[in-house]
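1. Dropping the sequence and predicted coords here.
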Amino acid sequence: MNESDFPEDTTFGVIGICGANCNLVARILKDRGFDVIGTDMSSGDDCRFKKSLEGYDIEVFYESHPEEFFEKADYIIPPISLPKTAEVFDIIQEKNIPVLEVSDIIDIFKVNKPVFGITGTNGKTTTTTLLKKIAYDNNIAPVEHNLEKMQGNAEYIPILQSRLNGDVGILEVGTFGVPGTIERIVGNSELTSGLITNITPDHLNDLGGFMEYAHVKAEFIKGLAGKQLIVNGQDPTIMGLLRELNFAGEIITFGVDEMPVGVASKECVCGKTIDVKEIISGSGYYLCECGLTTPQLDYIATNINLKNRTFELHTPEEKLEVKMLLDGIHNVYNVVGVIVAAHEFLKLPYDKILESIATFGGVSGRMEKVATIGEKDVVVDFAHNPAGVETVLREFKKLYGDITTVITISSESGAEGDLEIFNKVLEFSKYIVPASSASQKIASDKISECPELKEKIILNHGVDNFVKKGTLGATFDEVQEGINQALNLDCNKIVAIGEAATKFKKCVNNL
């Protein structure tokens with residue numbers, strides 16, 4: 001069945017329109033010019049994504065599935081989660097209304113625009129948001145899922161988002177560590193090109209090891225076979241996977257020319273251990289016994305001045321003077337990747353790209369200053385895996401000197417990830433306030449092993465046994481109490497890290 005098989009006056013009935021997937025399906029069908037009606041057992045006040053339906057002429061029946069809904073619908077689209085034993089299917093069968101699954105919508109209504117995907121362990125959201133800003137600034141409309149308070153970088157959301165109205169698709173492509181997720185997104189979103197920021201350990205509790213996780217990310221490379229791929233060439237994992245998979249498309253590499261901050265080991269795709277002279281965690285200069293080495297980069301940032309937030313970028317055509325509002329060497333990587341994507345994918349001239357970058361203040365929850373209380377600045381950052389924590393805290397320490405770190409994380413890699421994160425925090429912080437139950441347990445163990453750490457690790461007596469949800473490791477009250485304790489310490493820079501810190505950042509209003 002094709003889109004053209006449906007008469008223009010077809011009416012699609014969408015059940016569960018207050019849910020993410022069916023909300024997107026309803027908007028796709030309306031964008032394509034069809035009549036759409038919806039129903040949901042939620043009330044109008046409780047409809048989570050009601051706001052995204054504003055501007056769409058869609059009649060919605062709340063709190064029931066009335067007879068009128070079935071009388072008007074030529075086709076019914078139920079939510080993926082609705083069991084086939086549900087009573088509503090008896091009504092559909094009795095009235096002999098054809099059913100289309102969400103997967104049918106994806107198969108029938110094809111992507112009708114160029115689509116760019118962004119994946120990686122760290123930096124995806126900043127990179128995606130900045131690239132979209134550049135597009136908007138140049139009158140190019142990227143598709144937006146507009147699902148309030150939802151990141152929407154995995155499962156069906158990017159796939160459906162790519163089918164909404166817009167000039168281009170710019171999609172953040174994530175995974176919860178589930179093999180096949182990225183493969184489905186890349187294929188069903190019909191990506192024309194993409195970017196990989198980095199690949200560092202994450203989701204290891206689900207996958208068993210770093211290379212298992214890396215090969216989940218490699219689905220992005222496989223999906224873009226024969227197409228264009230922009231990559232951080234200083235990440236040996238990315239470059240090793242490209243070689244292992246014999247990627248035949250166009251590869252564009254980028255990186256930075258900066259002094260390494262240390263040497264760390266990373267597993268190579270060949271099975272050996274490779275030493276990386278790190279510029280940021282997991283990326284830098286490397287040479288493995290198997291011959292894998294840092295390539296000559298197509299785009300490279302030099303003369304980086306983090307204090308002034310400037311650098312020079314050597315491109316294949318010319319040298320650019322770049323001014324940004326973002327802090328940290330990790331954001332130099334992000335900005336360079338975006339410049340490449342904006343030039344290569346959006347086909348914009350460098351001067352237009354640089355104008356947008358110079359006015360980009362960052363993403364909420366990423367190195368975000370939320371308050372100054374007394375003389376103490378409180379900053380939150382979403383960092384939630386060891387590499388992200390190391391990169392962010394190293395940059396904070398470089399910029400501000402002594403810092404107090406409030407930990408609200410519960411690692412998706414389990415106890416091993418929690419311990420690695422704590423050790424990174426221990427390395428870069430003057431004081432540590434563990435605000436999550438996971439970090440509190442590690443803190444107690446550390447103090448038992450080394451009582452001298454009691455001066456550095458300030459136990460948060462407000463921590464309970466909150467059960468983590470993904471990377472949400474602390475409650476509102478625990479975050480508030482953790483920041484409150486940090487305010488009483490002899491340190492003027494407080495960094496609260498983790499999903500809970502960014503989600504509950506308004507707790508500072510009570511302080």
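-> On my side now, so go ahead.
2. Tell me how many other residues crowd the nearest residue to residue 186 once chain neighbours are set aside.
-> What sits nearest to residue 186 in space, not counting adjacent residues and going by CB to CB, 6 or more residues apart in numbering, is residue 223, at 3.0 Å. For the C-beta atoms, the positions are set from N, CA and C on the backbone; glycine is no exception. Residue neighbour count, defined by other CB atoms under 10 Å, stands at 22 for residue 223.
3. what does residue 281 give?
-> 27.
4. cool, and residue 154?
-> What residue 154 shows, counting by other CB under 10 Å, is a neighbour count of 18.
5. residues contacting it?
-> Going by CB atoms under 8 Å, 6 or more residues apart in numbering, residue 154 touches 173-176, 181, 185.
6. Same question for residue 106.
-> 156, 159-160, 163, 188.
7. if you set the cut-off to 7 Å instead, what comes out?
-> Going by CB atoms under 7 Å, 6 or more residues apart in numbering, residue 106 touches 159, 188.
8. Please tell me I have it right and the residue nearest to residue 186 contacts residue 183.
-> Yes: in this structure residue 223 lies within contact range of residue 183 using CB atoms under 7 Å: 6.0 Å.
9. For residue 384, give me phi and psi.
-> Dihedral pair for residue 384: phi -140, psi 10, per degrees, to the nearest 10.
10. Surely residue 362 is in a strand?
-> No: read with DSSP: H, G, I helix; E, B strand; the rest coil, residue 362 is coil and lies in no strand.
11. For it, which non-adjacent residue is spatially closest?
-> Excluding the flanking residues, the one nearest residue 362 by CB to CB, 6+ apart is residue 326, at 5.5 Å.
12. Repeat that for residue 502.
-> Per CB to CB, 6+ apart, closest to residue 502 is residue 365, 3.5 Å.
13. Kindly report the same for residue 330.
-> residue 391 (4.7 Å).
14. Name the residues that touch the helix or strand where the one you found lies?
-> In this structure, residue 391 sits in helix 386-400 according to DSSP states H and E. Residues outside helix 386-400 that contact it (CB under 7 Å, 6+ apart) are 121-122, 200-201, 261, 280-282, 306, 327-330, 367, 381, 383, 403, 405, 417, 420-421, 424-425, 428-429, 493, 495, 497.
15. Name the helix or strand for residue 424, please.
-> Residue 424 belongs to helix 414-428 when assigned by DSSP H and E.
16. Run through the neighbouring helices and strands of the next helix or strand after that helix.
-> Going down the chain from helix 414-428, the next helix or strand is strand 431-434, by DSSP H and E. Using 3 or more CB pairs under 7 Å, 6 or more residues apart in numbering; DSSP states H and E, the elements in contact with strand 431-434 are strand 404-407, helix 437-449, helix 476-487.
17. re the thing from before, and which of the contacts of residue 154 is nearest to residue 105?
-> Comparing the contacts of residue 154 against residue 105 with CB to CB places residue 185 closest, at 15.5 Å.
18. which helices and strands does the helix or strand harbouring the closest one pack with?
-> If you go by DSSP H and E, residue 185 is part of helix 181-188. On a contact count with 3+ CB pairs under 7 Å, 6+ apart, helix 181-188 meets helix 157-161, helix 210-223.
19. Comparing those helices by mean pLDDT, which bottoms out?
-> Mean pLDDT values for those show the minimum at helix 210-223, a mean of 92.
20. So what touches it?
-> 117, 119, 173, 175, 177, 179, 182-183, 186-187, 191, 194, 196, 199, 201-204, 207, 229, 237, 241-242, 245, 247, 267, 269.
21. thinking again about what came up before, just the buried members of the contacts of helix 386-400?
-> Neighbour-count burial (16 or more other CB atoms under 10 Å) applied to the contacts of helix 386-400 gives 121-122, 200-201, 261, 280-282, 306, 327-330, 367, 381, 383, 403, 405, 417, 420-421, 424-425, 428-429, 493, 495, 497.
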